[in-house]
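Asker: requesting a structural model of the entry that follows:
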Amino acid sequence: MLAPVRPDERQRIEALKSYDILDTPTERDYDELVELASKICGTPMSTITLIDVDRQWFKASVGMTKRETSLEESICAHTILNPFDMLEVPDTLDDDRFSDIPGVARTPHLRFYAGVPLTNSDGLPLGSFCVLDTVPRHLDDFQREALRILAKQVMMQLELRRRISQLRKIQNELEDRVAQRTAELVAKNDELEGFTHVVSHDLRAPLRSMAAFTNIVREEEDGGLSEQGKKDLQRLEDSANNLAKLVEDLLDYARLGAKGVYGESVNLTHVAQKVVEDVRAIHPDLDLKATVGELGEIQGDPRILTLALFNLVDNACKYRKAGYEAKVEIGREDQSGGPVYFVRDEGLGFTPEQAERLFIPFERLRQNSASGSGIGLANVRRVIRRHGGEIWAEGVPGQGATFRFTLGRENG
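Answerer: Now for the predicted structure:
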């Protein structure tokens, strides 16, 4: 007799399909469970049966030659009508539901059946774990409990298999997204390289020519220029130099966002000492007082670390108090979370509110007449973050500023 259709059959079939188990090859983990069930229950046949729309399919079996049969031949289709109770049929010939089904009336002449529903966490039965015999019989309590435990093991295997399949699907989706994002970034980096090339050749050369031209005019026409003309010429030269500096800073900003960090052992003390000398060279009229403490070594990129420290020390010179010498201290503080480096000056300082804006590109506090592009500190933050660190600023108006930052892994 064909089993009645469950009221929630559509949901049950959807749940079964979600395990992606139907028509898969045999697997040793399941085969061992049916072999164990037959040995414990003393039956020649045992199956892990999944009930599909119009068939029953055996994921694993002992004593069966087919991998599927029609639902007209299925006792397991009756088992799933009650998803929480075992169905035990001591003699199929004494049960009107099964006495005339092909497997009972003909080969293999099934006379005994016991099956435990394979029910998921939503209470939907996927099939049955059953044992069968060709002679009437009963299971004892130990065998019934063992069959229930083995059915739970089957469900655990199915759940684990589904979770692994879901994780693989997520992994494949993530890999596809990463590949797509990588391709987009490569394309953007290629565009940026093209932009950098255009800026390098099409903007810097005219700016250098403009500055050189103002010098030529000043030298050749000095006697014929009015005071206003000399001021205008100087303003033109300053504008050209400032624009050239802005272009250089923008190029640095673009490169820092596109290029990788070259990791090598960097002696920060030596880098800081070299930076101090470089800053002194571009400010020959200043008597820069600099103190460099022991900073240690890290894994990093010396090129862009030099750029970051140069910007911080150069700012100490640019934004010093009028009539005062430039003073800067470069040091390190060992804290519980690791070393914190600092660059401290005694310059103009700034308020806590202004500190929040310092690292925004093109943001300038305009504290004095010092020239600047507004990109320098944005570049510094990019360098620090490319090294796995963070930077923050503390200042007091009229008393100076301290820039503190962390970096990545320290050597030793």
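
Asker: what is the neighbour count of Asp140?
Answerer: 10 (other C-beta atoms under 10 Å). Yep, even glycine has a C-beta here, placed from its N, CA and C like the rest.

Asker: before we move on, what about Tyr319?
Answerer: Using other C-beta under 10 Å, Tyr319 has 20 other residues around it.

Asker: wait, it touches Leu348, no?
Answerer: Yes - with contacts counted by C-beta atoms under 8 Å, Tyr319 reaches Leu348, the gap being 4.9 Å.

Asker: worst mean pLDDT across the helices and strands of this protein, which element?
Answerer: One helix or strand of the chain scores below all others by mean pLDDT, DSSP states H and E: helix 227-258, with a mean of 66.

Asker: which parts of the stretch 251-400 of the chain are strands?
Answerer: 264-267, 289-292, 297-300, 327-335, 338-345, 391-396, 400-405 (DSSP state E, counting those that start in this stretch).

Asker: ok, the stretch 1-150 of the chain next?
Answerer: Ranges of strands in the stretch 1-150 of the chain, per DSSP E, counting those that start in this stretch, are 45-51, 55-62, 68-70, 87-89, 112-119, 125-133.

Asker: show me the shaky parts of this structure.
Answerer: For the chain, applying pLDDT under 70 flags the ranges 189-207, 221-224, 238-262, 362-374, 409-412.

Asker: can you give me the domain assignment for it?
Answerer: 9-139, 166-259, 261-412 (automatic domain parsing).

Asker: Pro136: neighbouring residues, count only.
Answerer: Applying other C-beta under 10 Å, we find 13 residues neighbouring Pro136.

Asker: so it makes contact with Val89?
Answerer: No - Pro136 sits out of contact with Val89 when judged by C-beta under 8 Å, with a separation of 9.2 Å.

Asker: anything in contact with each of the two?
Answerer: Common neighbours of Pro136 and Val89, using C-beta atoms under 8 Å, 6 or more residues apart in numbering, are Phe112.

Asker: export the domains of the chain to CSV and tack on distance to Glu159?
Answerer: Formatted as CSV, those follow (distance: least, C-beta to C-beta, whole Å):
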stretch, distance to Glu159
domain 9-139, 8
domain 166-259, 10
domain 261-412, 39
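
Asker: and of those domains, who's closest to Leu2?
Answerer: domain 9-139 (5.6 Å; C-beta to C-beta).

Asker: list the contacts for Glu68?
Answerer: Residues near Glu68 by C-beta under 8 Å, 6+ apart: Arg55, Gln56, Trp57, Phe58.

Asker: which residues does the first one form beta bridges with?
Answerer: Each beta-bridge partner of Arg55 is listed here, defined by DSSP bridges: Ser70.

Asker: for Ile149, which of the strands of the stretch 1-150 of the chain is the nearest?
Answerer: Taking these one by one with C-beta to C-beta, strand 112-119 is closest: 9.2 Å.
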